[in-house]
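Undergrad: Predicted structure and sequence below. I'll ask about it afterward.
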Amino acid sequence: MGTSFSIKVSQLPKTVAHEALVQQIDELLSLLNRQMSTYLPDSELSLFNSSQSTEWQPASPALFQVLAEAKRVNKQSRGAFDVTVGPLVNLWGFGPDPISFVAPPEDQIAAKLHLIGSNHLFLQDDGLAIRKDIPQLYLDLSALAKGYAVDRVALLLEQQGIENYLVEIGGEIRLKGVNIQGKPWRIAVEKPAADSRMIQKVLPVSDICMATSGDYRNFFEVDGVRFSHTIDPRTGRPITHKLASVTVLSQTTMTADAWATALTVLGPVQGFELAQQKNIAALFIIKTDAGFMEKSTSAFNDFFEVKS
């Protein structure tokens with residue numbers, strides 16, 4: 001998945017061997033990689049991307065579930081979340097190719113916009129099949145596949161009778177029970193500053209999933225204009241608003257992961273309004289002339305009132 005992961009378990013049941021559990025986790029992550037990686041040319045996702053066919057193709061249950069959630073969040077976010085945006089990300093220099101530090105020409109942006117859109121992706125529940133109606137459609141699941149992998153690892157732990165754990169992949173987290181001290185897990189939300197690593201807020205959380213999205217690490221500037229790695233699939237251009245990061249709490253890490261990205265695209269006004277409307281627990285950190293300002297939805301505030 002192009003990132004690191006860490007798993008913390010407060011106590012292993014006597015029936016679970018550490019080495020065997022590590023092997024099971026490695027095998028699960030390798031399987032998910034073979035299904036959804038864009039790095040592996042022969043992964044299930046890569047083969048779908050490279051196929052020129054517009055006919056129905058069989059999909060594994062895991063890939064189908066992630067694509068179904070991607071379509072759902074795309075619709076609810078009014079197109080702000082879109083797993084087909086990869087060609088635009090690459091065009092702006094934030095893909096696998098070395099960054100060019102040059103804004104692409106208008107005609108190239110317009111051309112790529114014709115090749116993206118979740119409306120070109122179709123899912124068939126009966127038999128679990130997927131298809132695209134344009135051969136060039138390219139799917140990149142980096143905005144929710146890590147979250148799905150966290151959920152799957154957590155399920156594996158629970159099936160082994162493990163009740164207190166923290167699973168983290170690429171910063172997306174699922175927590176259950178308590179830490180080794182018997183207290184709620186404490187997770188730091190990073191201050192969204194490009195030139196330092198500091199803590200903005202520490203959240204005492206448990207029995208919840210958490211994902212953070214931000215544009216403060218991956219960007220380039222040309223003539224004083226800042227180009228974020230977060231591309232708005234509706235315009236084909238990087239976001240330009242003052243939202244620095246969004247942290248979302250949800251019952252699944254996959255959903256938290258997807259909504260963190262969607263709300264980052266939507267920004268501090270539209271994103272906050274939609275999160276309130278959809279009852280999404282979200283913490284917005286917004287850049288101001290005086291520093292960073294926090295703004296949280298009612299569902300986010302309610303979560304901590306209930307937990308305290």
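TA: Arrived safely.
Undergrad: State which helix of the protein is the longest.
TA: helix 253-277 (DSSP state H).
Undergrad: In that one, which residues are buried?
TA: Buried positions in helix 253-277, judged by neighbour count with 16 or more other CB atoms under 10 Å: 253-268, 270-272, 274-275. Bear in mind the C-beta positions are built from the backbone N, C-alpha and C, glycine included.
Undergrad: Show me the strands in the stretch 51-200 of the chain, by range?
TA: In the stretch 51-200 of the chain, the strands defined using DSSP state E, counting those that start in this stretch lie at 57-58, 121-124, 129-132, 165-169, 172-176, 185-190, 199-205.
Undergrad: quick one: which of those strands is nearest G79?
TA: strand 121-124 (13.0 Å; CB to CB).
Undergrad: Please give me every residue in contact with F272.
TA: Shown in contact with F272 (CB atoms under 8 Å, 6 or more residues apart in numbering): 263, 282, 284, 295, 297.
Undergrad: Report the distance from stretch 144-159 to the chain centre.
TA: Centre-to-centre, stretch 144-159 and its host chain are 13 Å apart (CA atoms, centre = their mean, to the nearest Å).
Undergrad: Same question for it: list its buried residues.
TA: Quick answer for stretch 144-159 (16+ other CB under 10 Å): 144-154, 156-157.
Undergrad: what's the answer for stretch 203-214, then?
TA: In stretch 203-214, counting by 16+ other CB under 10 Å, buried: 203, 205-206, 208-214.
Undergrad: Lowest pLDDT pick from the residues you listed?
TA: Across the set of those, G214 stands lowest in pLDDT, at 76.
Undergrad: Quick check: nearest residue in space to that one, chain neighbours excluded?
TA: Of all residues not flanking G214 in the chain, S245 sits nearest, at 3.2 Å (CB to CB, 6 or more residues apart in numbering).
Undergrad: ok, now S43?
TA: Distances taken as CB to CB, 6+ apart place S37 nearest to S43, at 4.3 Å, with adjacent residues excluded.
Undergrad: Give the phi and psi angles for that neighbour, as a check.
TA: Reported as degrees, to the nearest 10, the phi and psi values for S37 are phi -70, psi 140.
Undergrad: Ok, L249 next?
TA: Residue torsions, per degrees, to the nearest 10, at L249 are phi -110, psi 140.
Undergrad: thinking again about what came up before, is it possible to export the buried residues of stretch 203-214 to a markdown table including secondary structure and distance to G117?
TA: Listed next are those as a markdown table, based on DSSP: H, G, I helix; E, B strand; the rest coil; distance: CB to CB, whole Å:
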| residue | secondary structure | distance to G117 |
| --- | --- | --- |
| L203 | strand | 35 |
| V205 | strand | 36 |
| S206 | coil | 39 |
| I208 | strand | 32 |
| C209 | strand | 28 |
| M210 | strand | 29 |
| A211 | strand | 24 |
| T212 | strand | 27 |
| S213 | strand | 21 |
| G214 | strand | 25 |
